[in-house]
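**Q** Just the structure for this:
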Amino acid sequence: MWSFAGSDVRTYTCCYPYSQKNAVIVDSEFITEIEAADTSKIIQIKVKALIDTGANGTCISRRLASACNLERVSVMKIVSAQGTGLAPVYKADIKLPCGTMFQNVLVTEVAGSENFDIIIGMDILSKGDIALTGSTDVLVFSMRFPTVLEPIDFTRYERL
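**A** Numbering: from 1, shown residues only. Predicted coordinates for the structure are as follows:
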């Protein structure tokens, strides 16, 4: 579930040196509520998240799912670079570095990486605008939520 108040525009920009141009990894928060027999506890963990426009959905590492003792809500067939298989699905809240909170996101478990615990996929990224701008020495990544009213079209400036 995602909703934005009219004036609740959130932005974030970061720069990466040329040597790190192969991936955009940002600081995020993973938030989940663990329910016990007589109480519930909210866990907030700061994590590294990979921005992946090639991922349809958002994924979390097996390590993070285990650390949070998440309860599986379903199982999903996934196709990844490692192959095809069934993976557990959990429900959690994800807070992006711009401060935008996405609640009750269905996240699929993947093996993960030592560099990140969350893969932010198009289920979240499509709710805002993202841009990558490269130069000879840095890569600049920017995000904005919610999306602007008019699509961003870089070719529009060439036609003027």
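
**Q** The protein: helices as residue ranges?
**A** If DSSP state H is used as the criterion, the helices of the chain fall at 62-67, 122-125, 155-159.

**Q** what's the offset of the first one from the middle of its chain?
**A** Same thing as helix 62-67. Distance, stretch centre to chain centre, for helix 62-67: 16 Å (Cα atoms, centre = their mean, to the nearest Å).

**Q** Need the residues that contact that helix.
**A** Helix 62-67 is contacted from outside by 30, 45, 47, 88, 90, 109-112, 117-118, using Cβ atoms under 8 Å, 6 or more residues apart in numbering. Using the backbone N, CA and C atoms, a C-beta is placed for each residue, glycine as well.

**Q** try 6 Å this time
**A** Helix 62-67 is contacted from outside by 109, 112, 117, using Cβ atoms under 6 Å, 6 or more residues apart in numbering.

**Q** now do the shortest one
**A** Residues lying outside helix 122-125 but in contact with it, judged by Cβ under 6 Å, 6+ apart, are 56-58, 102.

**Q** between those, which has the most around it?
**A** Highest neighbour count within the contacts of helix 122-125, by other Cβ atoms under 10 Å: Thr58, with 22 neighbours.

**Q** Give me the pLDDT for the nearest residue to that one once chain neighbours are set aside.
**A** The shortest distance from Thr58 to any residue other than its chain neighbours is 4.7 Å, reached at Gly121 (Cβ to Cβ, 6 or more residues apart in numbering). pLDDT for Gly121: 93.

**Q** what does Asp117 give?
**A** Reported pLDDT for Asp117: 89.

**Q** all numbers from here: first residue = 41
**A** Renumbered: residue one is now 41, and that last one reads Asp157.

**Q** any idea how far it is from Ile85?
**A** From Asp157 across to Ile85, the span is 8 Å (Cβ to Cβ, to the nearest Å).

**Q** check contacts around the residue positioned nearest the centre of the chain.
**A** When Cα atoms, centre = their mean is applied to the chain, the residue found nearest the centroid is Ile160 (2.3 Å). Ile160 is in contact with 89, 91, 98, counting by Cβ under 6 Å, 6+ apart.
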